[in-house]
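> Next comes the sequence, and after it the predicted model I'd like to discuss.
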Amino acid sequence: MLLTALMIIAIALTCTMFATRERMLGFACAIFWVITGAQAYTLSTTPWGDMYYYLFFASSFGMTLFCILAAFALREKHDAPAEEELEKGEGGYIDEDGSDKEPDLLSEEPETKPSKRTQALRKRAADRRSKL
């Protein structure tokens, strides 16, 4: 009876963790899977001989590791640095700074003058192309 209740709680927590994509439930899932495995071990009579012993290994090691790794995998990933800034509240819209000029992100010309090293590299590349 106790083993059945523990299994129902562990399964319900695991399903809820995946359904809500709430990674904080992973710790609770792991705890209940370990407790379920411990209860199954106490009901086991012969090692490697009955279903309780196999349930002990499956829940204590298999499902516990699965829930911990799943909780790690459910963490929120930021795809771009702009998303992190937007969450912090540091970002804003283009026209919020008061200027009407939009930044030209696709322009070929850099806003600053290239360094001497860059200029020398470009000159050498142009010389090589002209020799061919």
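Yes, it's here. Numbers count the residues shown, from 1 in each chain.

> make it CA atoms for all contacts and neighbour counts henceforth
Will do.

> The residue nearest in space to the middle of the chain in helix, strand or coil?
The residue lying closest to the centre of the chain (Cα atoms, centre = their mean) is Arg75, at 3.9 Å. Three-state assignment for Arg75 (DSSP: H, G, I helix; E, B strand; the rest coil): coil.

> ok, it to Arg117 distance?
43 Å (Cα to Cα, to the nearest Å).

> Based on its surroundings, how many neighbours for the nearest residue to the residue nearest to the centre of the chain once chain neighbours are set aside?
If you skip the residues right next to it in sequence, Arg75 has Arg23 as its closest partner in space, 6.3 Å away by Cα to Cα, 6 or more residues apart in numbering. The tally of other residues near Arg23 (other Cα atoms under 10 Å) stands at 20.

> so what pLDDT did Glu76 get?
Reading off the confidence values, Glu76 has pLDDT 73.

> With Thr16 instead?
At Thr16, the model reports a pLDDT of 91.

> And for the one 4 residues further on?
Confidence at Thr20, expressed as pLDDT, is 89.

> got it, and Glu108?
Here the pLDDT value assigned to Glu108 is 63.

> picking up where we left off before, can you classify the residue nearest to Arg75 by secondary structure?
Once three-state DSSP is applied, Arg23 turns out coil.

> Phi first, then psi, for it.
Geometry field for Arg23 lists phi and psi as phi -70, psi -20, criterion degrees, to the nearest 10.

> My read is that it contacts Glu76, right?
No: applying Cα atoms under 8 Å, one finds Arg23 not in contact with Glu76, separated by 9.1 Å.

> so where does Met7 fall, helix or strand?
Using DSSP states H and E, Met7 falls within helix 2-20.

> can you pull the buried residues of the following helix or strand past that helix?
Per DSSP H and E, helix 2-20 leads on to helix 25-43 as the next helix or strand towards the C-terminus. By neighbour count on 16 or more other Cα atoms under 10 Å, the buried set for helix 25-43 is 25-26, 28-41.

> what packs against helix 25-43?
Contact analysis of helix 25-43 by 3 or more Cα pairs under 8 Å, 6 or more residues apart in numbering; DSSP states H and E lists helix 2-20, helix 51-57, helix 64-73 as its packing neighbours.
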